[in-house]
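In: Kindly return the folded structure for what I paste below:
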Amino acid sequence: MSAKIHATAVVDKSAEFGADVEIGPGCVIGPSVRLGDRTRLIAHVFIESHTEIGSDNTVFPFAGLGGTPQDLSYRGEPTRLVIGDNNVIREHATLHRGTARGRAVTTIGDNCLIMGNCHIAHDCIVGDHVIMAQTATIGGHVQVGDFAFLGGLSGVHQHGRVGRHAFVGASALMTTDLIPFGSAIGNHAHLGGLNVVGLKRRGFTRDQIHDLRAAYRLLFAEEGTFQERIEDCAEIYARNPHVMEIVEFVRADAARPLCMPRD
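Out: Predicted coordinates for the structure are as follows:
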């Protein structure tokens with residue numbers, strides 16, 4: 001079946017649509033846009049340009065996708081926004097394209113829920129099954145791992161990292177990197193422990209959570225230097241993929257410091 005386009009929608013002739021696409025009243029679709037099968041734009045959605053959206057996505061009214069990046073270095077280069085499959089993007093959310101001096105693409109994975117008024121800035125990488133609650137905002141070049149949860153009104157500073165299965169509390173301001181499975185709270189945010197509730201909901205076993213807790217206590221203990229504790233974790237849990245994910249996250253070359261527990 002061809003795309004179902006409302007009579008009041010404005011669609012650039014270069015736009016491409018998969019099967020059973022629905023474009024509701026008042027939508028504006030700019031050049032170099034592609035919508036995958038069964039994707040729905042409910043009404044008044046604005047897609048500026050150079051945006052690829054996969055299959056089975058639903059975009060709610062007044063969302064703005066593929067917008068010009070809010071970066072003074074941008075000079076009109078044909079950068080992109082790429083969105084995967086089965087995402088829900090709610091009212092007034094804004095997702096911007098990349099920049100030439102960055103990755104030149106902003107990437108959203110599959111099965112994400114981007115709630116109302118959220119903002120995803122240029123050159124970000126958002127993984128699969130990510131939830132951004134109302135008005136959560138991530139700055140340019142931010143990386144958000146799979147299954148992360150960003151609470152309402154939270155913010156992540158540009159170039160920041162949020163690891164897989166991590167939890168950012170409501171109104172928390174992240175100026176540091178949050179380890180996988182970690183839980184951050186406060187303004188400015190500090191590490192408050194592990195995201196145990198999230199791990200249980202996603203089927204992590206009691207033994208897996210126990211090992212993560214033990215590794216967390218070792219990594220953020222008072223004895224020795226932080227570097228020594230990292231090496232101890234790597235040695236003790238060398239065969240534990242979840243703990244080693246934290247170790248590798250900590251070891252990675254990063255633009256932001258690490259989110260730490262409060263003294």
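In: Strands along the stretch 101-250 of the chain, start to end?
Out: Using DSSP state E, counting those that start in this stretch, the strands found in the stretch 101-250 of the chain span residues 105-108, 113-114, 119-120, 125-126, 131-132, 137-138, 143-144, 149-150, 155-156, 161-162, 167-168, 173-174, 182-185, 190-194.
In: Make TSV out of these and add mean pLDDT and mean neighbour count.
Out: For glycine as for every other residue, the C-beta is placed from the backbone atoms N, C-alpha and C. Compiled in TSV, these are given as follows (pLDDT from 0 to 100; neighbours: other C-beta atoms under 10 Å):
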stretch	mean pLDDT	mean neighbour count
strand 105-108	98	23
strand 113-114	98	21
strand 119-120	98	26
strand 125-126	98	22
strand 131-132	98	24
strand 137-138	98	22
strand 143-144	98	24
strand 149-150	98	27
strand 155-156	98	26
strand 161-162	98	27
strand 167-168	98	28
strand 173-174	97	22
strand 182-185	98	24
strand 190-194	96	18
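In: Redo those as TSV? Include distance to residue 99.
Out: Compiled in TSV, the strands of the stretch 101-250 of the chain are given as follows (distance: least, C-beta to C-beta, whole Å):
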stretch	distance to residue 99
strand 105-108	9
strand 113-114	21
strand 119-120	14
strand 125-126	14
strand 131-132	21
strand 137-138	15
strand 143-144	15
strand 149-150	22
strand 155-156	17
strand 161-162	18
strand 167-168	24
strand 173-174	21
strand 182-185	27
strand 190-194	30
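In: Which one of the ones you listed lies nearest to residue 86?
Out: Distances from residue 86 to each of these were compared using C-beta to C-beta; the minimum, 10.2 Å, belongs to strand 113-114.
In: Paired strands for the closest one, with orientation please.
Out: Within its sheet, and counting by DSSP bridges, strand 113-114 is paired with strand 88-89 (parallel), strand 131-132 (parallel).
In: that older thread, out of the strands of the stretch 101-250 of the chain, nearest to residue 90?
Out: Among these, if distance is taken as C-beta to C-beta, the winner is strand 113-114, at 6.4 Å.
In: Name the residues that touch that closest one?
Out: 87-90, 93, 95, 108, 120, 130-132 (C-beta atoms under 8 Å, 6 or more residues apart in numbering).
In: which two from the residues you listed end up farthest apart in space?
Out: Those two in those that are separated most widely, counting by C-beta to C-beta, are 95 and 131, at 15.0 Å.
In: For residue 261, give its distance to residue 254.
Out: 18 Å (C-beta to C-beta, to the nearest Å).
In: who's more crowded, those two?
Out: Summary of the neighbour comparison: residue 261 and residue 254, criterion other C-beta atoms under 10 Å, with residue 254 having more neighbours (15 against 12).
In: Tell me who's in contact with the more buried one.
Out: Counting by C-beta under 8 Å, 6+ apart, residue 254 makes contact with 159, 161, 177.
In: residue ranges for the helices of the stretch 101-250 of the chain, please.
Out: Counting by DSSP state H, counting those that start in this stretch, residue ranges of the helices within the stretch 101-250 of the chain are 196-201, 206-219, 226-236, 241-251.
In: then the third one to PDB, C-alphas only?
Out: Only the C-alpha atoms of helix 226-236 are listed here, as PDB (Å, rounded to 0.1, in the frame of the first residue of the first chain):
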ATOM      1  CA  PHE A 226      41.200   4.400  42.400                       C
ATOM      2  CA  GLN A 227      43.500   3.000  39.800                       C
ATOM      3  CA  GLU A 228      44.500   0.200  42.100                       C
ATOM      4  CA  ARG A 229      40.900  -0.700  42.700                       C
ATOM      5  CA  ILE A 230      40.200  -0.700  39.000                       C
ATOM      6  CA  GLU A 231      43.000  -3.200  38.500                       C
ATOM      7  CA  ASP A 232      41.700  -5.300  41.400                       C
ATOM      8  CA  CYS A 233      38.200  -5.400  39.800                       C
ATOM      9  CA  ALA A 234      39.700  -6.400  36.500                       C
ATOM     10  CA  GLU A 235      41.700  -9.200  38.000                       C
ATOM     11  CA  ILE A 236      39.000 -10.600  40.300                       C
END
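In: Please consider this matter closed, and thank you.
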